[in-house]
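>>> I need the structure of the sequence given here:
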Amino acid sequence: MIVFIVRRLLQSLLVLLIVSLLVFAGVYAIGNPVDVLISPEATQADRAALIVSLGLDQPLWTQYLLFLKNALHGNLGVSFAYSVPALGLIVERMPATLELAVVAILIAILTGIPLGLWAGMKPKTAAGKTIMGLSILGFSLPTFWVGLMLIMVFAVSLGWLPSSGRGPTTALFGVQVSFLTWEGLKHLLLPALNLSLFNIALVIRLTRAGAQEALMQDYVKFARAKGLSGPRIIGVHVLKNILIPIITVIALQFGSIIAFAIVTESIFAWPGMGKLIIDSIRILDRPVIVAYLMLIVTLFIFINLAVDIIYSLLDPRVRLSEVKG
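As a prediction, this is how the structure comes out:
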């Protein structure tokens, strides 16, 4: 396993290098942040001084090599707009996004797997058909529209939940979280629910398909012939054998939730990384954009590595030496 992990980490370094080149060239080739950052009344001398101070007077390849040199020391650049390290600015917003993503994926797991099992075990019943119909809605409805409807119903019409912001936070192991207070939990519920709806539908359909396939296998028929109870058959023989594809999807979707929580964070004014990247794109804050994309790529790499390791723990037939990145 150690050899496998080392090999994957070396491959990851190559991936990061290639992605950094593509991201750097793509972001730095479009737009001119000086046009956004400088005052319209500024003179040409002021403009030239700003270009030099931001390092934009150097050729693109020189800027990239300097970026790589600084990145090796953990420095992904300094924000043009805030004049602070870009990575530190993102890490400061990261707990809010991670909290939102964790709660969203927990909602998807705790809701999607039981509903998917129900629909798989009883596909012909009214409940099973209703569950599958609702899952289609979860796939079809756009996130921004669902978010607006949630605000309209639960915040404006009923007044049960707040429509924006994170609410009060409490320190947990040095990290500020909002779910430890009732008011913070109320602020968290709507954006987390909005972010989880697509994933609930995805987990439902995946669990249902896996359950129906598992029910036709000989080991389930043999378990029934032995007189095992229904819950034991579902928990031991069905659910355990369909966990690998479910875990794969959940892990990858967790990374996607973090990467693409931009819409939800913008709708609910959630102060996470997504809102930060939207603001940075608006003002062409290149270091923040590059640092954010590099952080997301690194996150996906480690998620894939974790999934491969979990494979071997759930199914001994999976050999880490045979797993392809």
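>>> this protein: strands as residue ranges?
Counting by DSSP state E, one finds strands in the chain at the ranges 170-172, 175-177.
>>> any idea how far residue 218 is from the closest residue to residue 217 other than its chain neighbours?
On the basis of C-beta to C-beta, 6 or more residues apart in numbering, the spatially nearest residue to residue 217 that is not a chain neighbour turns out to be residue 241, at 7.7 Å. For every residue, glycine as well, the C-beta is placed using N, CA and C. Relative to residue 218, residue 241 is positioned 12 Å away (criterion: C-beta to C-beta, to the nearest Å).
>>> more neighbours: these two, which one.
residue 241 (17 against 7; other C-beta atoms under 10 Å).
>>> how close does the more buried one get to residue 88?
Here residue 241 is placed at a distance of 45 Å from residue 88 (C-beta to C-beta).
>>> can I assume residue 207 is in contact with residue 113?
Yes: in this structure, residue 207 is within contact of residue 113 by C-beta atoms under 8 Å, at 5.3 Å.
>>> spit out the residues that contact the two alike.
Overlap between the neighbourhoods of residue 207 and residue 113 consists of residue 246, taking contacts as C-beta atoms under 8 Å, 6 or more residues apart in numbering.
>>> okay, the two: which has more neighbours?
Ranked by neighbour count (other C-beta under 10 Å), residue 207 and residue 113 place residue 207 first, with 27 against 21.
>>> contact partners for that one?
For residue 207, the residues meeting the contact criterion (C-beta under 8 Å, 6+ apart) are 112, 113, 115, 116, 117, 119, 120, 242, 246.
>>> take these and keep only those in helices.
Secondary structure defined by DSSP state H assigns 112, 113, 115, 116, 117, 119, 120, 242, 246 of the contacts of residue 207 to helices.
>>> got the CA positions of stretch 86-94 in CSV?
Taking only C-alpha atoms (Å, rounded to 0.1, in the frame of the first residue of the first chain), the coordinates of stretch 86-94 have been written out as CSV:
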residue,chain,number,x,y,z
ALA,A,86,-4.0,34.5,-2.0
LEU,A,87,-3.8,31.1,-0.3
GLY,A,88,-4.4,32.6,3.1
LEU,A,89,-7.4,34.5,1.8
ILE,A,90,-8.9,31.2,0.5
VAL,A,91,-8.0,29.2,3.6
GLU,A,92,-9.8,31.9,5.7
ARG,A,93,-13.0,31.2,3.7
MET,A,94,-12.5,27.4,3.5
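>>> hmm, who's touching it?
When contacts are taken as C-beta under 8 Å, 6+ apart, the neighbours of stretch 86-94 outside the stretch itself are 74-79, 82, 271-273, 275-276, 285, 287-288, 290-292, 295.
>>> and these, which are buried?
By the neighbour-count criterion of 16 or more other C-beta atoms under 10 Å, those include these buried positions: 75-79, 271-273, 275-276, 285, 287-288, 290-292, 295.
>>> now the helices for this protein?
Secondary structure of the chain (DSSP H): helices at 2-28, 33-37, 44-53, 60-71, 86-121, 126-140, 143-150, 182-215, 218-225, 230-232, 239-259, 262-267, 273-282, 286-314.
>>> residue 32 - how many residues pack around it?
For residue 32, using other C-beta under 10 Å, the count is 11.
>>> contacting residues for it?
For residue 32, the contacting residues are residue 284, by C-beta under 8 Å, 6+ apart.
>>> tell me how far it lies from residue 107.
Distance of residue 32 to residue 107, computed by C-beta to C-beta: 42 Å.
>>> just give the nearest non-adjacent residue to residue 134, would you?
residue 201 (7.6 Å).
>>> can you report how many residues lie near the one you found?
Per other C-beta under 10 Å, the neighbour tally for residue 201 reads 25.
>>> from residue 253, how far off is it?
Residue 201 sits 11 Å away from residue 253, taking C-beta to C-beta as the criterion.
>>> related to what we said a few turns ago, tell me the one among the contacts of residue 207 nearest to residue 168.
Using C-beta to C-beta, residue 112 is the member of those that lies nearest residue 168, at 30.0 Å.
>>> does that closest one touch residue 199 like I think?
Yes: under the criterion of C-beta under 8 Å, residue 112 makes contact with residue 199 at 7.0 Å.
>>> tell me which of the two has more neighbours.
Legend: neighbour count by other C-beta under 10 Å for residue 112 and residue 199, higher for residue 112 (28 against 23).
>>> rewinding a little: and the ones in helices among the contacts of residue 207 as CSV, adding pLDDT?
Putting the ones in helices among the contacts of residue 207 into CSV (pLDDT from 0 to 100) gives the following:
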residue, pLDDT
112, 89
113, 88
115, 90
116, 88
117, 86
119, 86
120, 82
242, 78
246, 83
